[in-house]
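Asks: sequence plus predicted model, see below.
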Amino acid sequence: MPDPSFTDIRWFESIDSTNRYLLDEARGGAPHGVVAVADHQSAGRGRLGRRWEAPAGSNLLVSVLLRLGLPPEARHLAAVVVGLAAVDAVIAECGVTPRIKWPNDLLGPDGRKLAGVLAEADLAGPQAHGYPPIVVGIGINVGWPLSDSDLPGDLVGAVTSLQQEAGRPVDRSALLHALLAALGPRAASLGTPEGRAEQASDLRRCCVTIGSQVRVELAGGGFEGLATDVTDEGHLVVATGSGSRTVVAGDVLHLRPAG
Ligand code: BTN
């Protein structure tokens, strides 16, 4: 059974973007815990302004509206708990154990991408001076791609699906309910510093970026170093030749995996 905070599930056959839908609902005063799911998105949003595409009815495309009152420095943890809940759900429903590539990609056992997370907050909205609602969307590759031949050239070898990894079809609805059940307690625990530290420690346990040599891409340029830890706010710590840097937001390329 889903946690009581995630029982308002709005399932769309087709929509532009479940993240866009919930951001609009949040602006209209929708409460914490509303869930939007789509069989198909015509303008699915990915990180860094990219598109998120999947054939209709194949993958789990879901967003949740979170009103957690998180202080700005801990805001990243909203996305972290959705990623961790997805890991829990995939283990429970498929027997496959994904790892998390910072900030929030789920990777299969051979490092191919299984899912991506996009968190969006309405910082210019009416709550701009308080703690804004956060919409966290996740796209989990459930039944697509079935093989590399389904993928455009630039994604060949980089993307996988639960069906490929588990070797059998996986039920999207069962996966959704497992994800929401895992998310309930994880989201609730973000209400205290101890709970936030616990979620960060779970992230540490399954974060494949820690121990990897990385290149961090930032808006104004990039740098390389060894990812050594994540902070209790879920930020990435990278050791460089000139000291340690904490990355709050950015894209990370794994240059050499953890040994
Ligand atoms: C990424 O780029 O890795 C993040 C992808 C996030 C995609 C999901 S699908 C459900 C939700 N609605 C969107 O428009 N995007 C997110």
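Replies: Structure's in. What do you need?
Asks: which residues of the chain lie near the ligand?
Replies: Counting by CB under 6 Å from any ligand atom, the residues of the chain close to the ligand are 17-19, 41, 44-47, 50, 52, 61-63, 105, 116-118, 137-139. Bear in mind the C-beta positions are built from the backbone N, C-alpha and C, glycine included.
Asks: so which of those are in helices?
Replies: Thr18, Asn19 (DSSP state H).
Asks: need the buried ones from the residues of the chain next to the ligand selected in ChimeraX.
Replies: In ChimeraX, this line selects whichever of the residues of the chain next to the ligand come out buried by 16 or more other CB atoms under 10 Å:
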select :17,18,19,41,44,45,52,61,62,63,105,116,117,118,137,138,139
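Asks: what is Cys207 paired to in the beta sheet?
Replies: Ile100 (DSSP bridges).
Asks: I'd guessed it sits against Arg99; true?
Replies: Yes - counting by CB atoms under 8 Å, Cys207 does reach Arg99; the two are 7.2 Å apart.
Asks: of the two, who's got more company?
Replies: Cys207 (25 against 18; other CB atoms under 10 Å).
Asks: OK, contacts around that one?
Replies: Residues counted as contacts of Cys207 (CB atoms under 8 Å, 6 or more residues apart in numbering) are Arg99, Ile100, Lys101, Trp102, Val230.
Asks: of those residues, just say which sits nearest to Ala36.
Replies: Comparing those against Ala36 with CB to CB places Ile100 closest, at 23.1 Å.
Asks: still on that earlier bit, which one of the contacts of Cys207 sits closest to the ligand?
Replies: Distance to the ligand, by CB to the nearest ligand atom, is smallest for Lys101 among the contacts of Cys207, at 9.9 Å.
Asks: contacting residues for the closest one?
Replies: Leu107, Lys113, Cys207, Val208, Thr209, Val252, His254 are the contacts of Lys101 under CB under 8 Å, 6+ apart.
Asks: recalculate using a threshold of 6 Å.
Replies: Each residue near Lys101 by CB atoms under 6 Å, 6 or more residues apart in numbering is listed here: Leu107, Val208, Thr209.
Asks: take those and lay them out in JSON lines including distance to Asp148.
Replies: Below are those laid out as JSON lines (distance: CB to CB, whole Å):
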{"residue": "Leu107", "distance to Asp148": "16"}
{"residue": "Val208", "distance to Asp148": "22"}
{"residue": "Thr209", "distance to Asp148": "25"}
